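Trainee: Structure of the sequence below:
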Amino acid sequence: MNINYSFLLPKHALDQIQHDRVVHTGVSTSHCWIFDGRSVLVWKIEDGKDARLFFVPVLSAFAKTESLNTDADDIFISVLARNSALTLVVCLASGCLATWLDINYQTDPFICQLSASTHSRINSFSAVSPTASGNSGIVFVGAAGFSDGSWALVQGSPQGLVSRLLNTHLDSRTECKPSMLGKLGSALSWTYTEVFDPSAKFIKRSPTTGQSVIDVHVHPLDSNRYRVLLLTETAVDLWQVTLGARASEQLLWSFQNQTALQHNSSLSSRSFMRVNKAMAFAASYIYIWTQSEGPVSSDSDHSVQRLLLDDAGIPVHDWSVSIAAFCQAHPPAAASQRNHRMQISADLSGSSCVLLGPGNTIVQCITSQPEAGTGAPGAMTLCHGEAHVLSTELDALAVEASVHSGYGNQACCIVLSATYGVVVLSHRIDEGMAATTTGPMSTELAQQVFQLLDSTISQALTAQQQQSNRPLLALVSGLGRRLESLGALSLVSNMEVLAVYSTKIVDMLPKQWGDGSRGNAGHPGASFAEQLSEKGSRHSMLLACLSESGVLHRLVPQVQRVLLDNAEKLEVVTSLLRLLQAYQQQSSSYQGPEVVLLMKVLQHAGQLSSNAAASASSTGEALMEPFELFCARPTLSASAVLHSVSEAAMEVAMQTGGGLTRPNDQSAGPLRSQMVLLAEVLGTAVAASQARRQQVQQSHRLSSAQVASMLSRPGWLECQEAQGSVEVLLQACEKTRQDLAQGQSGQEQLSRSMFGITEVLLSAHAASVAAAGGTSLGDAAAGAAVQRQALGLYRQARAKHVPVLLADALLEEGDAGLGDRLLVQVEELCRQHHCYPQLLTLCRTLCPRDHPGAPLSSSLRLHHYMGVMGPEEGADEKDTFAAYVYQELYNSGQHAELLMLPSQFWPGLQEFLLQYPHLLWMLLLKSGDATGGAPGALMQTAGSCKADFNQHKRLVCLAKLAAHASGATEASLAASRRLQLLDMQQRIGLTSSSQPAMDLPELVDAALDLSRSSNQAAAEAGPLSGGEAALIALEAMSTCSLAERDANRSRWELTWRQLLEATKWSSADNALGDVGELLQSTHLYRGVLISAGCGALGTRMDSEPAKALTEMLRSWSSGRMQVLVVQTLDRALAAAGL
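Mentor: So this is what the prediction gives:
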């Protein structure tokens, strides 16, 4: 498979195809179309993804007359391009036909009915535009074949549609039967004919009857005469139709192709019947796709038969070839069912045909001349035909065969692919053509390429100067084929010859310099303008020829980069020469200060070019002056100009920095003018380069940015060397601005020069970042690292130079007569290059002017930029201007301003404040807290300020209120439990300024320590007794969750032990009578009631926790004490309802 070209699909068309919304598709040599069940979408192939889509509402057009069935077998679509008009013809199987004569204009279609029979349906339809020489007013002529064997002819014009139905049935009652003598004469006539014309026995003079019309093809002879081919199951009928005042139709012959196929081909040995399926016609050849039918034909034998029309227009069986091997090897795929009609197409010369078979197999059948007993490898060749598979991987929807010299005199297959867009495949059919050179490019072949390009460009320029009507495409149609035959397109290294030729044009030396003579030294600019203009014309024509011939987009990105850079550099040198001439015209002696400085800069650039040239020792260049070399070598001098300008600027800055005290120092005014002029030189060069870049992109659809992305490096004007030179120039301009700031007028010129240079520098860095994101490095990680490095340099340049520029703009704002013109430009620069700090400074500065007395958070300017400025290329997706504003307002302590931002920023602000919960809860409450997020934020904030007991408790109370307001039950319960712990901490007296808010383990440990110390002292020394402290610890453990109790199991057990120790069992033991009242007053009894009340001892249905507690306490006591403990537990559990 040889892919010559590929064109992307428009986005909407691609979406329709990939989402299986397409019912019917088609492709021609110039246009593609799809039908999605409602509308037909048409676009021009060569315009690719940027093509204009024509939407034609087919469904609404038929709504009044037909119920449109969207099955692909029930609709036939033809798109005809003639001159600037684009005609769409849509025919339904029911016989209804609609025509849009020119879809460039939104007009209603013409609609007509081709058949009134309800028992017959249209099996095929074909339409064609009249010949170019015709002037009959007819826009198209079409033919439709019906299932009952009849066919209809329709013609469209601005006046409407005219159709007539032609019935080919022969009425046996009216048929003229020949007599016995007539039969004998006919038999003798056919016997004589068969001797001299073997094909005559397959030809009938009456139309085929009793068979459906399977396929139809219309071919124009002139403006009024057309030939219509009708394909039936076993035969091909040719009709000649005459339009106009004397309309007529005549059957020329009916050829029984299936009989001829069995007679002439080895396929006749098969035991099954064959039927015709599809047909293609071009030049003098008819290609018929046949397929086996019947119970024995399970192998689905497919074959292609070619008929040749002799000089008299009589068909002769030429050859046939079986394609069964290709169809069996590739079973039908699901994707191929989108457009499941059998498609066959013949190229314009008729030398080959292309078929779209099962499984997306694209097969080409051509004529071969093999030696006796040989055949083409991999192909089943019969007679003199052979078949080749062009592709099985394109997910093809439609195919069209063509021959175009622009494709290298090859038979081209244009494929509409669901995966790759529109692809042009080629297979050479000119067996006599010399083999294409595939090896490395030799010097002789390179010279032949140069001569070919010289001749082509010269012819194109001559035709352009003569204002010839011959299009450029006709002049360069064979350029691609000839370059390919010379090997210029076979290897990547061979393509470099086109880059060398481009450089040869741009750096071409004038003839007089080869003799050692030089240009006019008195007026140097005049002698080079014409030479540069000639270079520009030839190089522009080179790009045009390569683009029109399709070669330009086949080149590798490295060669494309050289072509683009050369075009831009040539334009830069030409523009700088115009700038010099403009200043020369302003000076009467051609030696004004501006001219002197410009000549100095350009001469220095020429000298640098001479040092960099590899062939500087040649005779012509050795005798050249630096300025002459600057004009003669644009590929070197354009880059050298940047370095020359930066050096001249540093010289000016050194004079201003020295205080203007040295003998050769100039006054401030001329120095300022010199710096402004140097900035103008840079601006002229950049403007010329950008203008040429845009012109190439618009004219030839070759984008410098795309080439840079493919190479992962920017163009010559944005490379690191250029960035370095511009950086030096900017530093010199800033230094001059600072040194001459005091007591000097006219500083706004330097400020504007600084702005222009800064814009160039930042644009170069931005281009570097964009190019670094390309895919040429292969490794995604390596590419990301390079892009991060470029982004870092970009940010460094912004941080270094934009603040200086902004300060100048703010100072200038109050000057009389200047207003804020520079400030507006700086603001736009900051927006384009994501200068977040300076943009925020601008918003702060201009807010009092825009909104007097209003805070920054109400600035509409700030809101606009926060809403529209996303992350810059290469940066994290969260690195937006809005995120930067959030962080800056927080860092500067402007929390109120942060929370006062409008509601459209609340989602992003809420995400930002997740790391600052002490502000998040305020925003959530302000926003209505519909999701209940405020309680969590408040609890998180409270957790961060435990050192302040009162503040912590206040925030927990707010969290409980927020949870109750938002209906967050879990959050409300959590806040309540926290407040209970804080209340217990207050009850044990640990709320002094030095005591933080305690968590559960800390609180329990503190209460137990207090209980233990009180028990050991055997006194009520503290605020609580030992028993009361133990009860608080038990209450804390009982209010927590089961998971927390399990995690603090040792504290749970220690708390009960402390209660046992705090109970005075001796009093109950010595008491007389009933001891119930004494037991109920014990700490253990009270503790059981508290724990049971909190649900820590289970329920009536779940008594395991109570039993576990009883067993634990029994194990800790013995004797009389054990009896009292058990009695106390029983009484307490009974009182608690357990």
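
Trainee: Quick one: distance of stretch 554-572 to the chain centre.
Mentor: Offset of stretch 554-572 from its chain centre (Cα atoms, centre = their mean, to the nearest Å): 24 Å.

Trainee: With stretch 909-918 instead?
Mentor: 35 Å.

Trainee: and what of stretch 143-157?
Mentor: Remark: stretch 143-157 is offset 45 Å from the chain centroid, using Cα atoms, centre = their mean.

Trainee: Quick check: mean pLDDT of that stretch?
Mentor: Average pLDDT, stretch 143-157: 92.

Trainee: same check, this time on stretch 1009-1019
Mentor: 67.

Trainee: heads up, I number from 368, so please use that
Mentor: Right, with 368 as the first residue, what we last looked at is stretch 1376-1386.

Trainee: Helices of the stretch 1218-1367 of the chain, start to end?
Mentor: 1227-1235, 1248-1258, 1262-1266, 1273-1279, 1284-1293, 1300-1311, 1316-1333, 1336-1354, 1367-1384 (DSSP state H, counting those that start in this stretch).

Trainee: same deal with the stretch 568-717 of the chain?
Mentor: Going by DSSP H, counting those that start in this stretch, the stretch 568-717 of the chain shows helices at 624-631, 691-696.

Trainee: Go through those helices and pick out the most buried.
Mentor: Mean neighbour count (mean count of other Cβ atoms under 10 Å) peaks for helix 624-631 among the helices of the stretch 568-717 of the chain, with a mean of 20. No exception for glycine: its C-beta is placed from N, CA and C like everyone else's.

Trainee: Who are the packing partners of that helix?
Mentor: With contacts taken as 3 or more Cβ pairs under 8 Å, 6 or more residues apart in numbering; DSSP states H and E, helix 624-631 sits against strand 640-649, strand 652-660, strand 669-676, strand 682-689.

Trainee: before we move on, back to that, can you tell me which of the helices of the stretch 1218-1367 of the chain is most buried?
Mentor: helix 1300-1311 (a mean of 22).

Trainee: Tell me, please, the helix or strand in this structure that averages the lowest pLDDT.
Mentor: Least confident helix or strand of the chain, by mean pLDDT, DSSP states H and E, is helix 878-881 with a mean of 45.

Trainee: Show me what secondary structure element comes after it.
Mentor: Remark: after helix 878-881, the chain's next helix or strand is helix 893-915, criterion DSSP states H and E.

Trainee: Just the CA trace of that next one, in PDB.
Mentor: Coordinates of the C-alpha atoms in helix 893-915 are reproduced here as PDB (Å, rounded to 0.1, in the frame of the first residue of the first chain):
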ATOM      1  CA  ALA A 893      18.800  50.800  -4.700                       C
ATOM      2  CA  SER A 894      21.000  48.100  -6.200                       C
ATOM      3  CA  PHE A 895      19.600  45.300  -4.100                       C
ATOM      4  CA  ALA A 896      15.800  45.900  -4.000                       C
ATOM      5  CA  GLU A 897      15.200  44.300  -7.400                       C
ATOM      6  CA  GLN A 898      17.500  41.400  -6.600                       C
ATOM      7  CA  LEU A 899      15.700  40.600  -3.400                       C
ATOM      8  CA  SER A 900      12.400  41.100  -5.100                       C
ATOM      9  CA  GLU A 901      13.400  38.500  -7.700                       C
ATOM     10  CA  LYS A 902      14.500  36.100  -5.000                       C
ATOM     11  CA  GLY A 903      11.200  36.600  -3.200                       C
ATOM     12  CA  SER A 904       9.200  35.900  -6.300                       C
ATOM     13  CA  ARG A 905      11.100  32.700  -7.200                       C
ATOM     14  CA  HIS A 906      10.900  31.400  -3.600                       C
ATOM     15  CA  SER A 907       7.200  32.200  -3.300                       C
ATOM     16  CA  MET A 908       6.600  30.400  -6.600                       C
ATOM     17  CA  LEU A 909       8.700  27.400  -5.300                       C
ATOM     18  CA  LEU A 910       6.300  27.100  -2.300                       C
ATOM     19  CA  ALA A 911       3.300  27.500  -4.600                       C
ATOM     20  CA  CYS A 912       4.500  24.800  -7.000                       C
ATOM     21  CA  LEU A 913       5.300  22.400  -4.200                       C
ATOM     22  CA  SER A 914       2.000  23.000  -2.600                       C
ATOM     23  CA  GLU A 915      -0.200  22.700  -5.700                       C
END
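
Trainee: Let's test this: mean pLDDT of the next helix or strand after it, rounded?
Mentor: Counting by DSSP H and E, the element after helix 893-915 in chain order, helix or strand, is helix 924-953. Throughout helix 924-953, pLDDT has a mean value of 93.

Trainee: just stretch 466-475 next, same as before
Mentor: 91.

Trainee: Just give me how far that stretch sits from the chain centre.
Mentor: Centre-to-centre, stretch 466-475 and its host chain are 32 Å apart (Cα atoms, centre = their mean).

Trainee: Please list the residues outside it that contact it.
Mentor: Residues outside stretch 466-475 that contact it (Cβ atoms under 8 Å, 6 or more residues apart in numbering) are 409, 421, 423, 428, 451-457, 476-478, 506-507, 523, 525, 528.

Trainee: for Ser784, what are its contacts?
Mentor: Neighbours of Ser784 in contact, by Cβ under 8 Å, 6+ apart: 761-764, 790.

Trainee: By neighbours, which of these wins?
Mentor: Ala763 (30 neighbours; other Cβ atoms under 10 Å).

Trainee: That one contacts Leu723, doesn't it?
Mentor: Yes. Between Ala763 and Leu723 there is a contact under Cβ atoms under 8 Å: 5.6 Å.

Trainee: Determine the number of other residues adjacent to Glu1444.
Mentor: The local packing count at Glu1444 equals 10, with neighbours defined by other Cβ under 10 Å.

Trainee: any idea how far it lies from Tyr1452?
Mentor: From Glu1444 across to Tyr1452, the span is 10 Å (Cβ to Cβ, to the nearest Å).

Trainee: Break the chain into its domains for me.
Mentor: Domain assignment for the chain, taken from automatic domain parsing, gives 624-797, 810-857, 915-1200, 1436-1505.

Trainee: In three-state terms, label Leu722 for me.
Mentor: State at Leu722, reduced to three classes by DSSP: H, G, I helix; E, B strand; the rest coil: strand.

Trainee: mind listing what it touches?
Mentor: By Cβ under 8 Å, 6+ apart, the contact set of Leu722 is 656, 671, 690, 709-712, 729-732, 766.

Trainee: Among those, name the buried ones.
Mentor: The neighbour count (16 or more other Cβ atoms under 10 Å) marks 656, 671, 690, 710-712, 729-732, 766 as buried among those.

Trainee: Out of those, which is nearest to Leu1401?
Mentor: Ile729 (86.3 Å; Cβ to Cβ).

Trainee: Give the bridge partners for that closest one, please.
Mentor: Under DSSP bridges, the beta-bridge partners of Ile729 are Leu723, Ser758.

Trainee: Correct me if wrong: it contacts Thr759.
Mentor: Yes. In this structure, Ile729 is within contact of Thr759 by Cβ under 8 Å, at 7.4 Å.

Trainee: related to what we said a few turns ago, so which of the helices of the stretch 568-717 of the chain gets nearest Val1043?
Mentor: Among these, if distance is taken as Cβ to Cβ, the winner is helix 691-696, at 72.8 Å.

Trainee: Noted, bye for now.
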